[in-house]
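J.: Based on what follows, work out the 3D shape:
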Amino acid sequence: MKTILSVQEQIRHMKEKGITFQHVTEVEAADFLANNTYYMKLAAYRANYMKYETGARAGQYRDLDFGYLKELSTLDMHLRYFVLQMCLDIEHAIKVQLIRQITQDENEDGYEAVKHFLKQQSNINVLSRIQRKKSGEYCRDLIEKYYPYFPAWVFVELISFGTLVYFYEDYMNGHEYPIMNNKLINTVRDLRNGAAHSNCLLNKVSEKLAPSKQPLTEVMDFIRGMSDISQSARRKNLRYQFSYHFVTLLYVYDIMIPETAKKKRYAQLQEFMEGRVLRNKDYFVDHDQICATYKFLKKVIDNLAK
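T.: Residues are numbered from 1 along each chain as shown. Down below sits the predicted model:
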């Protein structure tokens, strides 16, 4: 079991690991650790940096300053907000599409679809999870009025994003309606959950996809349609976990969100990429993977914003 370190001990530990304090003083670093974040979260971004393998500095980080970690954590915060906003848009779009199909179905009363979904063994705990929400102010009235027999348009307001995805798939597949590859939606769900729980996203910039999780054809074709992104750039960048997950989010967003709304969001992303992301660009000028990731995603966003 590891011992809890004070802020000063955390700074001393980082210095022992080769992390420098040239762009941020130790006093400023201590204040940031005490008031803006905590050590484990900040330390997660070290995964993007290499260590010396031999010599007197073996085990220490190469060319890593506290300022770089601070900047990555700040950019990550802004990025999580974008991811959450986009996932909320997608969640709303799924609800709209699903309810539209149900209400247009002459053989559906809105209740039967929910009954069919809930009677499946894998969904036996959904009602109990809804019941637990009764203690909250925003769901209580709906639960008290309808529990345990919910029409679809009420049900979708009471379930999690993950359950919504399963409900959507269950109804659409059961009626043989065209549906997006569930692996795409699952990737969006995972990214959304990571952002919602304030997990780090940019600590995966240098991490490649597992061999069992290669890029889907739909995502590859999405980027293939962008003429200013070469085949080699497409293949190389989509091998990395963060780039692939974020591009998958953009792909799903581009399909599901109405034109006016998505163009507004793309313009906001452009402003972020051209503004706040570049504020301390000199920190990463020698980090090939971070630079390559930025250039690739910038081109993708620029193409979408046209």
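J.: Show the average pLDDT along stretch 96-108.
T.: The predicted model gives stretch 96-108 an average pLDDT of 94.
J.: likewise stretch 164-171?
T.: 93.
J.: How far away from the center of its chain is it?
T.: On the basis of C-alpha atoms, centre = their mean, to the nearest Å, stretch 164-171 sits 20 Å off its chain's mean C-alpha point.
J.: quick one: contacts of it?
T.: 91, 94-95, 97-98, 101-102, 113-114, 116-117, 120, 122-123, 152, 155-156, 159, 179, 182, 185-186, 189 (C-beta atoms under 8 Å, 6 or more residues apart in numbering). Any C-beta I mention is one placed from the backbone N, CA and C, and that applies to glycine too.
J.: domain assignment for this structure?
T.: Here the domain parsing of the chain from automatic domain parsing is 7-88+183-305, 106-174.
J.: and the contacts of stretch 164-171, which are buried?
T.: 91, 94-95, 98, 101-102, 113-114, 117, 123, 152, 155-156, 159, 185, 189 (16 or more other C-beta atoms under 10 Å).
J.: Quick check: Tyr149 touching Tyr111?
T.: Yes - contact criterion C-beta atoms under 8 Å: Tyr149 and Tyr111 qualify, at 6.2 Å.
J.: more neighbours, these two?
T.: More crowded of Tyr149 and Tyr111, by other C-beta atoms under 10 Å: Tyr111, with 16 against 11.
J.: I'd like to check which residues are in contact with the closest residue to the more buried one other than its chain neighbours.
T.: Excluding the flanking residues, the one nearest Tyr111 by C-beta to C-beta, 6 or more residues apart in numbering is Pro151, at 5.4 Å. Listed by C-beta under 8 Å, 6+ apart, the contact set of Pro151 reads 109-111, 114.
J.: ok, now how distant is Arg129 from Ile159?
T.: 8 Å (C-beta to C-beta, to the nearest Å).
J.: Next: Gln10.
T.: 41 Å.
J.: quick revisit: which ones among the contacts of stretch 164-171 are found in helices?
T.: Among the contacts of stretch 164-171, the members found in helices (DSSP state H) are 91, 94-95, 97-98, 101-102, 113-114, 116-117, 152, 155, 182, 185-186, 189.
J.: what are the ranges of the strands in this protein?
T.: In the chain, no strands are defined using DSSP state E.
J.: Just want the most central residue of it.
T.: For the chain, the residue nearest the mean C-alpha position is Leu191 (2.8 Å; C-alpha atoms, centre = their mean).
J.: Which residue, other than its chain neighbours, is closest to it?
T.: His245 (5.2 Å).
J.: show me the contacts for the one you found.
T.: Contacts of His245 (C-beta under 8 Å, 6+ apart): 187, 190-191, 204.
J.: returning to that earlier point: per-residue pLDDT, the residue nearest to the centre of the chain?
T.: With respect to pLDDT, Leu191 scores 95.
J.: again, but for His175
T.: 82.
J.: That one: how many residues sit nearby?
T.: 14.
J.: picking up where we left off before, ok, the residue nearest to Leu191 to Thr37 distance?
T.: Look at His245 and Thr37: by C-beta to C-beta, they are 22 Å apart.
J.: Likewise for Thr293?
T.: Distance of Thr293 to Thr37, given as C-beta to C-beta: 22 Å.
J.: quick one, which of the two is more surrounded?
T.: Thr293 (21 against 16).
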